[in-house]
Structures are given as structure tokens and as C-alpha cells.
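Peer 1: here's my sequence, what's the structure:
(2 chains)
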Amino acid sequence: GAVVSQHPSRVICKSGTSVKIECRSLDFQATTMFWYRQFPKQSLMLMATSNEGSKATYEQGVEKDKFLINHASLTLSTLTVTSAHPEDSSFYICSARPTQNSPTGELFFGEGSRLTVL
Amino acid sequence: KQEVTQIPAALSVPEGENLVLNCSFTDSAIYNLQWFRQDPGKGLTSLLLIQSSQREQTSGRLNASLDKSSGRSTLYIAASQPGDSATYLCAVSSYNFNKFYFGSGTKLNVKP
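Peer 2: Residues are numbered from 1 along each chain as shown, chains lettered A, B, ... in the order given. Below is the predicted model of the structure:
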């Protein structure tokens, strides 16, 4: 199956710093990527839809200036958590859908990135 | 707004038992439904995908069914093994592919 890679898998930072998480589709091109956030023992919450070459679409309640998303190429989307605070500590997961659509519309997920803000 | 519910939230069974996980959704206008497995601290692994025109999909010991009109899907796991212990999530995709709604998951523990 298609592979989506996230980096870093774990990051610890001090409050007030910014952290960048990368999401790469390794063997396919993805016009659209999705960023999710998952709190302990809860399900995934969609944060934003990342579109290659255009602005991301954010879900209601997600601060676009706080969570900067860049989708500069068909294989890379980045999520930057700016001025991180302890409440931003969470598990962030990206997913991607092949541009050459699989007729099934199947989504492929990265391994996730655990952010801990001290 | 689409809402996805999974029951039970947690399930503990002895090894070898057959089991059923349930997923329900409120809006039947879906494109597909996907079942995932998530191990602690890890991302999601796709298990089965059922398109809206299909009624079931099978992969090894797993069988997923879909009744779109009633807004229900089940994931059947045969002859469960300790290695099946994980959280199982179902998700439905809207027709324009821009939304993917997740259930809260069922945490499965298979005891040796």
C-alpha cells in the first residue's frame, strides 16, 4: 500500500517555541493532505485540509495563525505549531489521498507525531 | 453534521473467541467506510475499506459489513489472538472526499 511518513515521531519543546512537523507521501503524489489531532483516549479530530499550492482549509475552532500549514509540493505538507503551550501537547497525525485517485478514495495515514510542550 | 458512534468503547475477550465491533453513522450519504487499527502511540493502519455500493469486504480473519440505509457497519474478527489487541476505529468519507469522520474507537484486549 501507499506509504505516508511523518517526522519527527516525538518532539519535546519549551513553551513559547515553534515546532514543525513534516508529512510526506513516499510513493505517490497527494494534492490533498489532512491534519488530525488526537487527545489521549479520544478519537481523531480533523484540524485542517491542506491543498497543494493553495491555502489550507481549517475546521471551526482551529486557529490558523497558531497552526500554520504549508503544502508546497505534491509530496510534502508541514504543520507548524507556533508559540507552543502545554495545552498544545497532543498526538498529531497526517493523512493523504493519492492524486491519481484510487477509485475507492482510500486514505493513508502517517505514524503520527507526539508533541510534548513543557 | 455526520456523527459516527462506536460500541462498545472497550472489549476484553479470551483468545480464540469470535467478536463483533459496531459502528453507526447518522448520515447515509457516504462515499465509503474504512476500518482502521491503532496501536498505542502509533498512527492508523487501514484494515478494510467498503465502498457505499458494497455490502461487505473480507481480509483474512476480518470481515466488515455495511448497511448504508440503516447507517451501520460491523467488523467481525474470527478466532481472536492477543496480537489483535489494539484500538479499532471506523471512519466514513463524504462524497466530495473533503471530510472524513471518525468514531471514538473500540479498545480491544484479547487475553492469552
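Peer 1: whichever strand or helix holds residue B:109 pairs with which strands?
Peer 2: Following DSSP states H and E, one finds residue B:109 within strand B:106-111. Using DSSP bridges, strand B:106-111 pairs in its sheet with strand B:10-14 (parallel), strand B:86-93 (antiparallel).
Peer 1: just put these in CSV and tack on distance to residue A:87 and mean neighbour count.
Peer 2: (Glycine included, C-beta is placed from N, CA and C.) Converted to CSV, the strands paired with strand B:106-111 look like this (distance: least, CB to CB, whole Å; neighbours: other CB atoms under 10 Å in any protein chain shown):
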stretch, distance to residue A:87, mean neighbour count
strand B:10-14, 27, 13
strand B:86-93, 23, 24
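Peer 1: now render the ones you listed as JSON lines, adding distance to residue B:53 and mean pLDDT.
Peer 2: What follows is those, written out as JSON lines (distance: least, CB to CB, whole Å; pLDDT from 0 to 100):
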{"stretch": "strand B:10-14", "distance to residue B:53": "30", "mean pLDDT": "96"}
{"stretch": "strand B:86-93", "distance to residue B:53": "13", "mean pLDDT": "94"}
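Peer 1: other residues contacting the helix or strand bottoming out on mean pLDDT in chain B?
Peer 2: The weakest-scoring helix or strand in chain B, judged by mean pLDDT, DSSP states H and E, is strand B:100-102 (a mean of 87). Strand B:100-102 is contacted by residues A:34, A:43-44, A:46, A:95, A:107, B:2-4, B:25, B:89-94 when judged by CB atoms under 8 Å, 6 or more residues apart in numbering or on different chains.
Peer 1: for chain A, what lies in contact range of chain B?
Peer 2: Within chain A, the residues that sit near chain B (CB under 8 Å from any CB of the partner chain) are A:1, A:6, A:32, A:34, A:42-44, A:46, A:49, A:57, A:91, A:93, A:95, A:97, A:104-112, A:114.
Peer 1: buried only: go through the residues you listed for me.
Peer 2: Buried members of the residues of chain A next to chain B, counted by 16 or more other CB atoms under 10 Å in any protein chain shown: A:6, A:32, A:34, A:43-44, A:46, A:49, A:57, A:91, A:93, A:95, A:97, A:105-112.
Peer 1: strands - which of those residues land there?
Peer 2: A:6, A:32, A:34, A:44, A:46, A:49, A:57, A:91, A:93, A:95, A:97, A:108-109 (DSSP state E).
Peer 1: contacting residues around the helix-or-strand element of chain A with minimal mean pLDDT?
Peer 2: Every helix and strand in chain A was compared by mean pLDDT, DSSP H and E; the lowest is strand A:108-109, with a mean of 88. Residues outside strand A:108-109 that contact it (CB under 8 Å, 6+ apart): A:1-4, A:25, A:93-98, B:36, B:43-46.
Peer 1: who wins for neighbours among those residues?
Peer 2: residue A:94 (30 neighbours; other CB atoms under 10 Å in any protein chain shown).
Peer 1: run through the bridge partners of the closest residue to that residue other than its chain neighbours.
Peer 2: Spatial nearest neighbour of residue A:94, excluding adjacent residues (CB to CB, 6 or more residues apart in numbering or on different chains): residue A:23 at 3.5 Å. In this structure, residue A:23 bridges to residue A:6, residue A:77 when assessed by DSSP bridges.
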